[in-house]
Each structure stands twice: as C-alpha cells, then as structure tokens.
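Enquirer: give me a 3D structure for the following:
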Amino acid sequence: MVFLFIVFLIFNSKLNAQTIKLDDIFNRKFERSFISQGDNFPDFRTNKDSMQLFLIALHNNISIKDFQSKTGFNDERMKSIISLLESKNWLHKINSNYKPSIFIATKEDGQKLYEFAKPISKEIVRSIQKSLPSIRKKFSKTKISKTQDFEDWSFLILSDVLLDSWQIFNVEKQFLGADSRPNRHGKHYYASLKELTGEKEGFGIYGNQVGPISVYGNNRRNADITNTENIVFLKDDEIFNEMASNYLPNLIHVLNKEKQYSLGVYQKLGYSKEIAFEEFFIWWYHFIYSQTTELMNSEKMLAIPKDGNFVYKILDYSDETHNVTFRVKVPNKSDVVYITGNQPELGDWNPSELKMKETGDFERTINLHIHLPAQFKFTKGNWDLEAEIKGFPKGENIYIEIDKETEEFEIINWFKN
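Expert: From the prediction side, this is the model:
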C-alpha cells in the first residue's frame, strides 16, 4: 500500500502540470452517457449554446469570463445558461466557484483514471480466476451450453454478467449504499461527458445496449443487430442472474477493501471539488471493469470479439413449447380476430400474422404451440383496433404462465389504440 501511495504521488504531480487550453476543448469531441432506468433522462438539450463545452471548461479551471470571451455570449445569455444548468443539477457552486455536478473526463483524465484503476482491476481478475470453475459449472447447466462453448460466451459472462449490466445496480446499493440515483429536475440518473479518444466509444469503455436484439461492447455504433444466433432463454437468464449473485460478495469484498484507496483517488484527481463520491465512483467503476476485461483477455480467461461487440437476444420465456387452444367469445358475428404476442409462435407482435378461425357465430379459435410465460393481445388485424378483454386491464398485455390445454377469453369491446 505504501508503494502504491508513492507511485500515486509521482504520477499525480506529473499530470497536474498538464493544462488544457480553451481552444483545444472546442476542437475535441465528447459523448454524453447516462446510467438510468425508464424515462429518467435529461429533459433539455444539453448541447445547446455550447453548454457541454462550458461544463468541460469549468472542469479544467477555465474561467467563465474566458469562456464568454471565446463564445461571444453576452452577460444575459451567460446568466441564462448558468441558471438552466443549475436548475437541472448539472452545475453548482462550491466555495463561490461554479463547478459541474456531473462526471467529466478528458483524454488526460482518462489516462489517470485507468492508471489508478490497475490495483483494483488486477485484484478483481484474481477474484474471478478463483470463481471460474464454479462459473463454468453454472454455464454447463444452460441450454446455451448444449450447442456453444463457454469460450463463445466468456466475454459476455465474465464482463457483462459478473461486472456490468447484471451487477451495476448491486454495486450502487451494496457498495455505495445509494438508495436512488441523483435527483436532476425530478429525474434520477447519473450523467457524464467523456472525450472520444478513437474510433470506438469513449476510452474504450464497455457497455450494454438493450433492445429486441442487444449488444455488449465498446464499438456498438458499428454492431450489426439485424440478427443473432446468441439466444438467452428465460431459464438461462435466471442462471446468469445466479452467476452474478454468487460472485457479488467477492466483488463487494474487493471494492470495500480498496475503498480508502478509491477515496484517495477521488480527492487527488480533483473530483471531490466537483461531484459526490458516489457519482465519481460509478463512472470510475466503468474504467475499472473495462480494464479488468482487457486484463482477463490478455490472461486468456475470456475472448473479446474482434469487433469489440457481442450481439445477443434475451427472451422472456422458456425454450419449451406447449400446445394451447385459444378460444375467444366475440361481441359481434362479423368480428374478425387476430392474436399477436411476444414470440414468433405468436407473431412477434405483428397484428396481422395469426388469424383466428370462426368456430361459431360468436366464437373464434386458434391452436398454437407456444412458449411460457406468454404475453399477447387480440386485434382486428392492425393496431388501430384492439380488444378489451373481460377481467383484464384495458390496453395491457394478457399474461399467462400456467400450462393449460385451453385458454378462454371474452372480448367486451373494441377500442382505438
């Protein structure tokens, strides 16, 4: 620990001598990143009036007067920018000086953040090495393992599952003790501005992009997400969650062990003069686990795909299929009814894919082999008219998870979606 402290001081003194000129800031490219859920995002244009560059300038101790001179903004416009950023909790005053209240990292910051991440990253690698046999054993219980090797999924499992997407909320709760994310204009999210330092994402940090087809990597802009053979069924996702939960105590142990060191980094890099430790660490943690991923790759513990991305699809149902007859009572003899839902067997939410048969004046029927749990709706062949089902909230998906040979429903009305 003494050795690390000496290295820290030497490295810090060299880099503190570096300064970034205002013109240089305006010639660099930065990207916004957020850690959030739901609709917790900024409700204002953060790139308007060079606001992002203003925050980066303040981060580099450039005066408001110098920024105003560079942009040619008059006093009224400058006050308006400051007022807006303050109201959104992107800017605050500390000791009479305005400072950003979000995480900012220039190229120079990134170099330091990675350098000081090494002791923690190396310890996490050693910790995962010890857990690797049990992780492999868990993987052998997945459906994935029947057709693909652990090595094919090692990048996603050891980086994303153990350290990032499956784990980030646990780090917030159990290490940082954060019950909620920072409150910004009624929204709760972490925000950052990071410099783009190459063709890949800022500082090569790995991240997850969730969608119908998801991608984990640091080159997500160039990922082909039109199709993938990497499928995670519900039961396999549950096993992935077990992997994350089983490894969590080891991760928290490492982070707690190095907490004083982390607090020292927070202070010595100057972030303690701008943002709370929680906001600093959650973003520094991205540097830590990205570096950990690179170290595991060099140790051949995992294999990073050549393009830096792993494309996959998580399905919210099991791989098994069940034979189910859907029987619907309709309000009108002339009603044409279609069923559509959350899987190919239910039309993948295409409202005109599966037409039900007329088996009586007021009855429509269809027999399908489906996965459970299943979510679906009844339509008239498009999303203009949707069925209101007796006993179910209007407009919400119908959800079934119990294996029954027949499912019966009654349409009480048609409504415009």
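
Enquirer: which helices and strands does the lengthiest helix in the chain pack with?
Expert: The longest helix of the chain (DSSP state H) is helix 107-139. When contacts are defined as 3 or more CB pairs under 8 Å, 6 or more residues apart in numbering; DSSP states H and E, helix 107-139 packs onto helix 2-16, helix 150-155, helix 162-163, strand 190-195, helix 234-257, helix 259-268, helix 277-298. (C-beta placed from N, C-alpha, C; glycine too.)

Enquirer: buried sites along the longest one?
Expert: What that stands for is helix 234-257. 234, 236-237, 239-240, 243-244, 247-248, 250-252, 254-255 (16 or more other CB atoms under 10 Å).

Enquirer: go on, stretch 401-414?
Expert: 407, 409-411, 414.

Enquirer: what of stretch 116-129?
Expert: 116-117, 119-121, 123-125, 127-128.

Enquirer: pop the domain breakdown of the protein in here.
Expert: The record's domain parsing of the chain by automatic domain parsing lists 117-179+204-314, 321-416.

Enquirer: pick the most buried one from those.
Expert: Using mean count of other CB atoms under 10 Å, the stretch among the domains of the chain with the largest mean neighbour count is domain 117-179+204-314, at a mean of 18.

Enquirer: which residues touch the closest residue in space to Ile35 that isn't next to it in sequence?
Expert: The shortest distance from Ile35 to any non-neighbouring residue, by CB to CB, 6 or more residues apart in numbering, is to Tyr190 (4.1 Å). Tyr190 makes contact with 34-36, 102-103, 181-182, 279, 282-283 under the criterion CB atoms under 8 Å, 6 or more residues apart in numbering.

Enquirer: quick check: strands, which of those residues are part of them?
Expert: Counting by DSSP state E, these place 34-35, 103 in strands.

Enquirer: please list only the buried members of these.
Expert: The buried subset of the ones in strands among the contacts of Tyr190 - by 16+ other CB under 10 Å - is 35, 103.

Enquirer: hey, C-alpha coordinates of whichever strand or helix holds Glu410 in PDB?
Expert: In this structure, Glu410 sits in strand 406-416 according to DSSP states H and E. Written as PDB, here are the backbone C-alpha positions of strand 406-416 (Å, rounded to 0.1, in the frame of the first residue of the first chain):
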ATOM      1  CA  THR A 406     -57.300 -24.300 -23.400                       C
ATOM      2  CA  GLU A 407     -57.400 -20.600 -22.700                       C
ATOM      3  CA  GLU A 408     -60.700 -18.900 -22.900                       C
ATOM      4  CA  PHE A 409     -61.400 -15.100 -23.200                       C
ATOM      5  CA  GLU A 410     -64.300 -12.800 -23.800                       C
ATOM      6  CA  ILE A 411     -64.000  -9.600 -25.900                       C
ATOM      7  CA  ILE A 412     -66.300  -7.000 -24.400                       C
ATOM      8  CA  ASN A 413     -65.400  -4.100 -26.700                       C
ATOM      9  CA  TRP A 414     -63.000  -2.900 -29.400                       C
ATOM     10  CA  PHE A 415     -61.100   0.300 -28.800                       C
ATOM     11  CA  LYS A 416     -58.700   2.600 -30.700                       C
END
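
Enquirer: give me the pLDDT for the residue lying farthest from the centre of the chain.
Expert: Ranked by distance from the centre of the chain (CA atoms, centre = their mean), the top residue is Asp361, with 49.4 Å. What the model reports as pLDDT for Asp361 is 97.

Enquirer: now do the same contact list for it.
Expert: Shown in contact with Asp361 (CB under 8 Å, 6+ apart): Lys333.

Enquirer: same question, Asp164
Expert: 206-208, 216, 289.

Enquirer: with distance to Lys357 added, can I get the residues you listed in CSV?
Expert: Shown next, in CSV, are the contacts of Asp164 (distance: CB to CB, whole Å):
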residue, distance to Lys357
Tyr206, 49
Gly207, 47
Asn208, 42
Tyr216, 43
Tyr289, 53
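
Enquirer: these in strands, which ones?
Expert: The strands in this structure, assigned by DSSP E, contain 207-208, 216 from the contacts of Asp164.

Enquirer: what ranges do the strands span in the stretch 301-417 of the chain?
Expert: In the stretch 301-417 of the chain, the segments counted as strands under DSSP state E, counting those that start in this stretch are 309-314, 321-329, 338-341, 354-355, 357-360, 363-371, 374-379, 385-389, 398-400, 406-416.

Enquirer: got the ones you listed as JSON lines, with distance to Leu176 columns?
Expert: Output for the strands of the stretch 301-417 of the chain, formatted as JSON lines (distance: least, CB to CB, whole Å):
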{"stretch": "strand 309-314", "distance to Leu176": "26"}
{"stretch": "strand 321-329", "distance to Leu176": "43"}
{"stretch": "strand 338-341", "distance to Leu176": "39"}
{"stretch": "strand 354-355", "distance to Leu176": "47"}
{"stretch": "strand 357-360", "distance to Leu176": "56"}
{"stretch": "strand 363-371", "distance to Leu176": "38"}
{"stretch": "strand 374-379", "distance to Leu176": "34"}
{"stretch": "strand 385-389", "distance to Leu176": "43"}
{"stretch": "strand 398-400", "distance to Leu176": "34"}
{"stretch": "strand 406-416", "distance to Leu176": "45"}
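
Enquirer: and the ones you listed: which comes nearest Arg136?
Expert: Closest approach to Arg136 among the strands of the stretch 301-417 of the chain is made by strand 309-314 (17.8 Å; CB to CB).

Enquirer: partner strands of the closest one and their direction?
Expert: strand 214-217 (antiparallel), strand 231-232 (parallel) (DSSP bridges).
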